[in-house]
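Enquirer: Dropping a prediction and its sequence here:
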Amino acid sequence: MRVGLTGGIGSGKTTVAGFFVELGVPVYNSDKRAKRLMTTSKEVKEAIISLLGKKAYKDKKLNKKYISKRIFTDSALLKKMNQIVHPAVAKDFLMWEGKQKAPYVVQETALIFENDKQDFYDFIVLVTAPIELRLERVIKRDGSSKKEILDRLQNQLQDDRKIPLSDYVLENIHLDDTRRSVKEVHSALLDNS
């Protein structure tokens, strides 16, 4: 069984994914794997350089600040970047999934609904949190400015649009409550597997 774990920037997807891992569930972190593919896949790297120029890499590493500045303020560039990265991640996920031995796997990915991928999953878990808390988390996590975060939010559907499309909604404000909710979802998913 395949479960999509999604939520807007700063909602706490990775925290929730960690709670699933604690329960023994295999979790594929699309963001981390994408960054890895962007530096290890020759084809992906060449396509990114072709799109954004040599500045996309600095000392053979991904120049995240430069790339973010370029793609999150230019929707056409963002679309082209996604057309490079998303198919590579999808292929990598399927290979990873084929190696797992569990009743279900979780793919942590931000843009399920934005990319119209909801039918790819048996169930979807949406992580939500109030916008001010999300901004605070992202500023603390990676030093982004409020404007940079808001630019990225413009490319994501708002929670009120995603909630009716999700099978489970976890509000991630207090960690103890979130952990308890993940255990409840885990039990429900096991019952469905």
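Expert: Arrived safely, thanks for sending. Just so we're clear, the structure is a prediction, and the values are computed from it rather than from any experiment. Numbering: from 1, shown residues only.

Enquirer: Could you measure from residue 107 over to residue 3?
Expert: Separation of residue 107 from residue 3 (CB to CB, to the nearest Å): 7 Å. C-beta: built from backbone N, CA, C; applies to glycine.

Enquirer: any common contacting residues for these two?
Expert: residue 121 (CB atoms under 8 Å, 6 or more residues apart in numbering).

Enquirer: Secondary structure class of the nearest residue to residue 190 once chain neighbours are set aside, three-state.
Expert: Nearest non-adjacent residue to residue 190, counting by CB to CB, 6 or more residues apart in numbering: residue 103, 5.9 Å away. Three-state call for residue 103 (DSSP: H, G, I helix; E, B strand; the rest coil): coil.

Enquirer: Relative to residue 29, how far out is residue 103?
Expert: For residue 103, the distance to residue 29 - CB to CB - is 20 Å.

Enquirer: same check, this time on residue 52
Expert: In terms of CB to CB, residue 52 sits 23 Å off from residue 29.

Enquirer: just residue 143 next, same as before
Expert: 21 Å.

Enquirer: of the two, who's got more company?
Expert: Using other CB atoms under 10 Å as the criterion, residue 143 and residue 29 rank with residue 29 on top: 19 against 9.

Enquirer: So what pairs up with that one in the strands?
Expert: Beta bridges link residue 29 to residue 108, judged by DSSP bridges.

Enquirer: which helix in the chain runs the most residues?
Expert: helix 75-98 (DSSP state H).

Enquirer: Pull out the buried residues from that helix.
Expert: Within helix 75-98, the residues that count as buried by 16 or more other CB atoms under 10 Å are 78, 80-82, 84-86, 88-89, 92-93.

Enquirer: Among these, find me the one that's closest to residue 170.
Expert: residue 93 (21.7 Å; CB to CB).

Enquirer: dump the residue contacts of that closest one.
Expert: For residue 93, the contacting residues are 28, 30, 33, 107, by CB under 8 Å, 6+ apart.

Enquirer: The third one contacts residue 92, correct?
Expert: So the one you mean is residue 33. Yes. Residue 33 is within contact range of residue 92, at 5.6 Å (criterion: CB atoms under 8 Å).

Enquirer: For this protein, which segments are assigned as helices?
Expert: Using DSSP H, helices in the chain cover 13-22, 30-40, 42-52, 64-71, 75-98, 131-142, 146-153, 159-162, 175-192.

Enquirer: list the helices and strands the third one packs on?
Expert: With contacts defined as 3 or more CB pairs under 8 Å, 6 or more residues apart in numbering; DSSP states H and E, helix 42-52 has these neighbours: helix 30-40, strand 57-58, helix 64-71, helix 75-98.

Enquirer: Kindly state which of these is positioned closest to residue 176.
Expert: helix 30-40 (25.3 Å).

Enquirer: ok, the nearest residue to residue 167 once chain neighbours are set aside - how many residues close by?
Expert: Residue nearest to residue 167 in three dimensions, not counting chain neighbours: residue 123, with 4.4 Å by CB to CB, 6+ apart. Neighbourhood size, residue 123 [other CB under 10 Å]: 19.
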